[in-house]
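Colleague: Sequence first, predicted coordinates after that:
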Amino acid sequence: MSSATCLYQYCKTVQHAPYTTEHSRPMENPDQLIPHQLIATAEALIARKQPEEAITLYQSWLNGTTSPFAYIARFNLAVLLAAARRLPEAEAAYVAAIAQKPDFAEAKHNLANLHELNGNLDAAHELWREVATETAGSHHVIRLMALNNLGRALEKSKRYDEAEAFLRQSLMQDPAQSGVIQHLVHLRQKQCKWPIYDPSLPVSPGQLACHTSALAMLAAKDDPALQLVTATRFLKDKVNTRVPQLAPATPYRHEKIRLGFTSSDFCLHAVSMLMAELFENLDKTRFEVFGFCWSPEDGSPMRQRVIAAMDHFFKVGDQDDRSVAVLIRNLEIDILIDLNSLTSGARPNILAYKPAPLQLNYLGFPGTSGMPFIDYLIADRYLVPDSELPYYLEQVLYLPDGFQPNDTTRQIGPAPKRADLGLPDDKFVYCSFNNNFKYTEEMVDCWMRILTRTDNSVLWLLEDNPWARANIEARARAHGIAPNRLHFAGRAAPADYMARYGAADLFLDCYPFNAGTTSSDALWMSLPVLTRSGRSFASRMAGSLLTTLGVPELIADTLGSYEDKAVALAQDRRHYQQIKTRVIQQKQASPLFDSKRFARGFESALLDTYHRLNA
């Protein structure tokens, strides 16, 4: 979904035939140029990489002209000023162009882009809406761009219903927009709007599935083959693989192995919450640890903790992909671990340069990256059984004690009373604090059947957004579930969020996209987690944690078994207490929360791979 009009796009729709190079030389009296001469001359300067001269040309011409076509020159001047980061001047030029031509859709669109860049979102939204309204009924490319920018910006602002409405309009005008389909499908997931593949859209269910994003597909289908296809399609569409490979084929043989991590999530984010203690526990006598970061500067203690745990930390958010790859190569990183893969904020084009001899995919995206320049996916044997190996493009590097690190130093707030949370004291409390896009129609229907079979229970869910809540409540009504049996929790500070788990009896996991960090949080708080494992990596994450914990009886392999286990735990308090006691005991006895042991296993797996490559 593009966010800017092309340079001179509008002007070229109104020009006569191009002038020759004789007319393309700067003139002593630019105000004597007629508009198409002016533009041809400016374009010649741009072609010679002289944008400042082109800016001066436009400004001089505008100072001496009364032409009715001056709005065109003002538009082109604004584009050049914006490219030169002279944003206040660019904004003034767009405003002047619109004042002269009030229906100038291109200028309004680009001015909206500037407003968004300056953080003035309301003004940006208003202008894009004007463009969409004024070009209604047309197939104007600017209309599509305005609709798509509205969809993107409103989704970012969590105004999901409005975002979906504008993307629908865009798709109705032009169904062949894979990026719009991708966002629309995920918006429906976030709102729990089922079916997510809406049959009223002007595209087939096959096209909707084909253009579902890699992240959305994890929650849509438990099919590793389909997830591999989705990942490789992303590679084809978004990644430039025709770039030089920078690193040698073998490691550099440093005294200490240079271990690099790349991420957009070195901040208050689930990835850092899991990785922080691992970074701290790495053996710095054997590894020299580097961080390459394009994360938000959120000022959080978690960000400072991650930075402090690294030997070297590079903030590369303002560098292009090639420059970052060259930096990694010049630092002679032996092993590079990408913590994004296909998640939001990913920069796979850095990895495409192969800046390190060994490149690994870990933690951020629970599945194959589909990228041939990634050598290994870090997992465990429960997550990726042998039968599913054909659907992973990377080799699998198996860790000995489960795949997921954990932070044993996480802060826990004061334990709240159930009454303070709006929960009944005398009921069995099921909970699920997964992101709402993981709540599938099949899973929510299963939860409602569980409530139907257990009169003494309530269900406590995360309220991500009001549309998801309304759709879940509607589903409950359809099953005859009374409104007072559903409870919703808003987001909370990390310590308070952790403390909430003490008020629940059983965590109901999602399928096919399991909880990862959230399952770990629940188990750390001694709350049993019931999960269903399938075929895909994402559907086996909680099962991996429970296997490492030593409580495999909380893993179901069918929806019916999951439902029956949930009912049995609520109806048989003695059986429930036995499971709860096992979880508490295994927290101490199992390797799941032994962070030092995990670090040694992690290092051992990396060293074995490093030495095999170096042999």
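Modeller: Okay, I see it.

Colleague: so residue 397, which of the three states?
Modeller: Following DSSP: H, G, I helix; E, B strand; the rest coil, we place residue 397 in the strand state.

Colleague: Touching, it and residue 358? I think so.
Modeller: No: if you go by CB atoms under 8 Å, residue 397 and residue 358 don't touch, sitting 9.8 Å apart. From N, CA and C alone the C-beta is placed, and that goes for glycine too.

Colleague: Just the buried residues of stretch 92-99, please?
Modeller: In terms of neighbour count (16 or more other CB atoms under 10 Å), stretch 92-99 has its buried residues at 93-94, 96-98.

Colleague: and which of the residues you listed is nearest to residue 112?
Modeller: Relative to residue 112, the closest of the buried residues of stretch 92-99 is residue 94; by CB to CB it sits at 9.4 Å.

Colleague: what's the distance between that closest one and residue 113?
Modeller: For residue 94, the distance to residue 113 equals 10 Å [CB to CB, to the nearest Å].

Colleague: Could you do residue 205 as well?
Modeller: Residue 205 is 34 Å from residue 113, by CB to CB.

Colleague: okay, these two: which has more neighbours?
Modeller: Shown here are residue 205 and residue 113; by other CB atoms under 10 Å, residue 113 has more neighbours (22 against 12).

Colleague: Next, give phi and psi for the more buried one.
Modeller: Dihedral pair for residue 113: phi -60, psi -40, per degrees, to the nearest 10.

Colleague: in terms of contact, does it touch residue 123 like I think?
Modeller: No: when contacts are counted by CB under 8 Å, residue 113 is not listed as touching residue 123 (11.1 Å).

Colleague: where in the stretch 101-250 of the chain is pLDDT low?
Modeller: Confidence mapping of the stretch 101-250 of the chain against pLDDT under 70 gives the ranges 139.

Colleague: how about stretch 595-611: buried residues?
Modeller: Across stretch 595-611, burial judged by 16+ other CB under 10 Å covers 595, 598-599, 601-603, 605-606, 609-610.

Colleague: Using TSV, please lay out the residues you listed together with pLDDT.
Modeller: Shown next, in TSV, are these (pLDDT from 0 to 100):
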residue	pLDDT
595	97
598	98
599	98
601	98
602	98
603	98
605	98
606	98
609	96
610	95
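
Colleague: For stretch 476-486, buried residues please.
Modeller: In stretch 476-486, counting by 16+ other CB under 10 Å, buried: 476, 481, 485-486.

Colleague: Need the distance between the two termini of it.
Modeller: 8 Å (CA to CA, to the nearest Å).

Colleague: pLDDT of that stretch, averaged?
Modeller: Taken as a whole, stretch 476-486 carries a mean pLDDT of 98.

Colleague: Name the residues that touch it?
Modeller: 445, 448-449, 451-452, 457-459, 461, 472-473 (CB atoms under 8 Å, 6 or more residues apart in numbering).

Colleague: now with 6 Å?
Modeller: When contacts are defined by CB atoms under 6 Å, 6 or more residues apart in numbering, stretch 476-486 is touched by residues 448, 451, 458-459.

Colleague: Tell me which of these fall in helices.
Modeller: Residues of the contacts of stretch 476-486 located in helices (DSSP state H): 448, 451.

Colleague: In a markdown table, list the contacts of stretch 476-486 along with pLDDT and neighbour count.
Modeller: Converted to a markdown table, the contacts of stretch 476-486 look like this (pLDDT from 0 to 100; neighbours: other CB atoms under 10 Å):
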| residue | pLDDT | neighbour count |
| --- | --- | --- |
| 448 | 98 | 21 |
| 451 | 98 | 22 |
| 458 | 98 | 22 |
| 459 | 98 | 22 |
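
Colleague: Can I get the top helix by length along the chain in CSV, CA atoms only?
Modeller: Longest helix in the chain, counting residues (DSSP H): helix 595-614. What follows is helix 595-614, C-alpha atoms only, in CSV (Å, rounded to 0.1, in the frame of the first residue of the first chain):
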residue,chain,number,x,y,z
SER,A,595,17.9,-20.2,32.7
LYS,A,596,21.6,-21.0,33.3
ARG,A,597,21.0,-24.6,32.1
PHE,A,598,19.2,-23.3,29.1
ALA,A,599,22.0,-20.9,28.2
ARG,A,600,24.6,-23.8,28.4
GLY,A,601,22.4,-25.9,26.1
PHE,A,602,22.0,-23.0,23.7
GLU,A,603,25.7,-22.4,23.6
SER,A,604,26.5,-26.0,23.1
ALA,A,605,24.1,-26.2,20.1
LEU,A,606,25.7,-23.1,18.5
LEU,A,607,29.2,-24.4,19.1
ASP,A,608,28.5,-27.8,17.6
THR,A,609,27.1,-26.1,14.4
TYR,A,610,30.0,-23.6,14.3
HIS,A,611,32.6,-26.4,14.6
ARG,A,612,30.9,-28.5,11.9
LEU,A,613,31.0,-25.5,9.5
ASN,A,614,34.7,-24.9,10.5
